[in-house]
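In: What would the 3D arrangement of this be:
(2 chains, ligands or ions: 2)
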Amino acid sequence: MDPAVPAIGSSLPRVDGVAKVTGRARYLDDLDAAGAWHGATVRSKTAFGVLEAIDLDPAFDWSQVVVATAADIPGANVIALIEDDQPALVKIGQRVMHVDEAIALVAAPTRALAFEAAKHITPRVRAMTPVYSLEDALACKQPLYKDTNVFKQFLIRKGHEADAELDAAFARAAQVIEGTYDTSPQEQMYIEPQAMMAEWRDGRCFIVGSMQCPYYVHKAMKALLGCGPDGVVITQSVTGGGFGGKEEYPSMLAAHVAVLAAKAKRAVKIVYDRDEDIAATTKRHPCRTHHRLAVDAAGEILAVDIDVVMDGGAYLTLSPVVLSRGVLHAAGPYRCPVVRVRGRVVATNHPPHGAFRGFGAPQTTFAYERQMQKLAIARGEDPLALRKRLALRSGDTTATGQLLGFSVGTDEVIAAIEGVAGTAPTRDGTGPTGAPVRRGRGVCFYFHGAGFTGSGEQRLAGRATIALTTAGTFEVRSSSTDIGQGSITMFTQIAAGALGVDASLVSVIDPSTANVPDSGPTVASRTCMVVGSLVDQGSRALAGQLQTWAAENGLGGRPLLEIAKARSAHGELTHTVQYEPPPGIEWNDTTYTGSAYPVYGWAACLVDVSVDLDTYEVTIDRCVQAVDVGKAINPSIVKGQIEGGTLQALGWAVLENVVYKDGKVANANMTNCIVPTFADAPDLETILVEVPYPFGPSGAKGVGEIPMDGPAAAVANAVENALGVAFDRLPISPEAIAATKSQWSPS
Amino acid sequence: MKVTLTVNGAMHAVEVSPWKRLLDVLREDLRLTGTKEGCGEGECGACTVMLDGEAVNSCLVAVGQCDARTVTTVEGLARGDVLHAVQKALVACGGAQCGICTPGIAVCAAHVIDRGLVIGRDEPSARAQVRELLAGNICRCTGYQLIVDAVIAAAREVGER
Ligand code: FES
Ligand code: FES
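Out: Ligands and ions are numbered 1, 2, ... in the order given. Next up, the predicted model:
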């Protein structure tokens, strides 16, 4: 093989690396559009009520600006996603559902003028009694969604048909561990705020911006603009982070810039302020999980019974799918004959909660891994040994009855942690500042389903195209976006490897709905595993086509590059591959049984903490994650993914929080809505474990989300180990620690 | 007001309000869009530039304060096509993911390295030092580990020259 062919498993430097370190990479706000105006959004300020009027301040000079309202929307006034319940702009006479809901839009030649003008528009809302708590939502005195306030509910049953059988299993138990776990909303805090630009040319709308899923925006814009697939073109610009936060919300900005651009008759750009971004866009669903675990005298699990309730916020958005992933992970990666999981996601007057790395699984993982810790303590058993004893392995079945056949990295990840754990820190001591500290160690074990849930991939039938261009180079065409996770580098590596050519001859084109097939959204840890596999197959098929052509044209046996050169003179040659599910993957959406995911990632995590006894702050002294990724196509990129996700999880555990007051984010700025800095972060130890997935490219499976699921529980377990008090609610803030002082175990 | 400032070695005179943010003058008037805005409130460090040899958040600096002063942005770190050691190391180590924080981090880290603030220390204390000196720059993608690796690698390379 040509020595310049990048090997699978080598850390090819990012193909976009130089552009990013030199400042040449152009994000949306860096793009010029001649004469582009700036847009700003007028928001409700009232959490719940009926919009009666939109008042324009008569003293303001409106001659320089354009104002748009729901009346200017050419098609359906909805952000089409799962259900069409969310409007792009609230229409007069309709209900306002949250405090930062968009009411009107302004465009002006400068951003400052647009924001100034927006301040002179006042929505007049007749207020009604809002609903904020899960209890009030479920009690449904004020219906927000249908007559139940329940957006979606699920019931999973394993090993029993009626509740009485479950009760009987609990009645047989030698021990029952029971707890309620509350996790907080979390802000994605991508460093590039939401940003989008639109321009109309010859009756077509061209939208470019920061996003994860061009075809989601495309679907939403077809409905909103009332046009066919060619009436609107969606293009991703270089995107400064997403983590789920740019999965559904960009459709909202796209709607707004499209409407403004039509009215202003020029390009219009909207770039959110940080405060606005934190206040108005989606966050991780706050969640309450009630978990009961029954074990026999030997410590074997007899049954689990779990009830999950999430706050979906004002509109349905992606909540059903988030809840689905949450309930499907809720029983954890443990053997258990009898399982009942109930889940509900409810409507409130908070801004809609949405996608964030992990997508419901971090919430329920926190609950089950706290439960396992309590079981270990109750039995006086070593926490890691207990997990090893009860963990799922090949041949076992999950809560949905999925028989695990391959790529189960349980023993490998646990062994990796055992191998590096070393002695636990001494409990009492002094910290670097001389303050007294209590130290503790926590572990957790967890899994994460890779790819879409159930039959999602079959339904989507994603496609990717590999092309030989007329220039004799190769192109990968897919709608998968690189949002920092490195997909364009990985695709380059996979395609170059499969074709056997130098990486510099392969380019991954910018995703634009005009040029790429729908390979599905960049979500669910599916890009490398699912789309990467299409790229792999497509590249091999294209190479085969070239060999066939060569044989027919007297070039048989020549190097591929030479053949490609000769063939390119006759025009472009492409090969498109469509997703085919691996054999034996069957899912029943009605009974919620079968193969919930084609494969799972497996992980174990060890965390050492110290709690400062003066300031009550928790410091993460050490964090090791061992993650089974199937195969690391590019170990440096995979490591970067795991470390980024790990720190988001550690932040969620001890310092991040979104605080709502009267339905509004009370800490909507980076000063108060904090995320970990260089100084807050420990050195992260990452162990890549590779138990190949037979249907992934070179054995790779999803990695993007899994690191987010486990560490928060490991931290809580470590803090409990240090202080002797259970922490079942996130974040474990200094206030939370201080409140337990009287219960700490004696030193 | 007319403000004269030297940016990446070139002299510029701009006619602007003295209250305009240095960040906006760089991005809008000089079309140097490498410097990013992540928060506009001095918290994220994406807008970091060097002002007379000190790292500042350009979103907090009014251009009126910059008259006759010298600014270095990310566009000024490389010499032609030759990247600064920290830029090379960030690429090699995988320290840039989405890249939106990278210009600010590269500027700040180049400063730290060029001043020799990390050399002559053992690994743990060098790492702690890097973490402290870069604590004003937030990265949400990397977990910081590979950035710290890159800065240490670049500091060693520069120190050995
Ligand atoms: S934009 Fe200046 S510090 Fe964030
Ligand atoms: S690389 Fe994305 S914020 Fe740092």
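
In: tell me the contacts of A:Leu31?
Out: Listed by Cβ atoms under 8 Å, 6 or more residues apart in numbering or on different chains, the contact partners of A:Leu31 are A:Met197, A:Val208, A:Ser237. From N, CA and C alone the C-beta is placed, and that goes for glycine too.

In: right, and the first one touches A:Met211 too?
Out: No - at 11.7 Å, A:Met197 and A:Met211 do not qualify as touching, with contact defined as Cβ atoms under 8 Å.

In: next one: phi and psi at the residue in the stretch 451-600 of chain A positioned nearest to ligand 1?
Out: The nearest approach of the stretch 451-600 of chain A to ligand 1 comes at A:Gly484, 17.6 Å away (Cβ to the nearest ligand atom). The phi/psi pair for A:Gly484 (degrees, to the nearest 10) reads phi 120, psi -20.

In: Surely it is in contact with A:Gln212?
Out: No - with contact taken as Cβ under 8 Å, A:Gly484 and A:Gln212 are classed as non-touching, separated by 10.6 Å.

In: Which one's more surrounded, the two?
Out: With neighbours defined as other Cβ atoms under 10 Å in any protein chain shown, A:Gly484 and A:Gln212 compare such that A:Gly484 has more, 31 against 28.

In: distance of the residue most central in space within chain B from A:Pro521?
Out: By Cα atoms, centre = their mean, chain B has its centre lying nearest to B:Val107, at 2.0 Å. Taking Cβ to Cβ, to the nearest Å as the measure, B:Val107 falls 34 Å from A:Pro521.

In: Mind telling me what element the residue nearest to A:Pro707 when sequence neighbours are not counted is part of?
Out: Closest residue to A:Pro707 apart from its sequence neighbours, by Cβ to Cβ, 6 or more residues apart in numbering or on different chains: A:Gly645 at 3.2 Å. Per DSSP states H and E: A:Gly645 is located in helix A:635-654.

In: So what touches the next helix-or-strand element following that helix?
Out: Downstream of helix A:635-654, the first helix or strand assigned by DSSP H and E is strand A:660-661. Contact with strand A:660-661 is made by A:Tyr132, A:Pro185, A:His350, A:Ala666, as judged by Cβ under 8 Å, 6+ apart.

In: any idea how far A:Thr671 is from the second one?
Out: Looking back up the chat, that one is A:Pro185. Distance from A:Pro185 to A:Thr671, by Cβ to Cβ: 18 Å.

In: ok, those two, which is more surrounded?
Out: Neighbours around A:Pro185 and A:Thr671, counted as other Cβ under 10 Å, are more numerous at A:Pro185. The numbers are 24 against 11.

In: That one touches A:His285, doesn't it?
Out: Yes - at 7.2 Å, A:Pro185 counts as touching A:His285 under the criterion of Cβ under 8 Å.

In: any common contacting residues for the two?
Out: Taking Cβ under 8 Å, 6+ apart as the contact rule, A:Pro185 and A:His285 both touch A:Asp311, A:His353.

In: The contacts of strand A:660-661 into TSV, with extra columns for distance to A:Arg459, secondary structure and pLDDT?
Out: Shown next, in TSV, are the contacts of strand A:660-661 (distance: Cβ to Cβ, whole Å; DSSP: H, G, I helix; E, B strand; the rest coil; pLDDT from 0 to 100):
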residue	distance to A:Arg459	secondary structure	pLDDT
A:Tyr132	35	coil	98
A:Pro185	30	coil	98
A:His350	30	coil	98
A:Ala666	40	coil	98
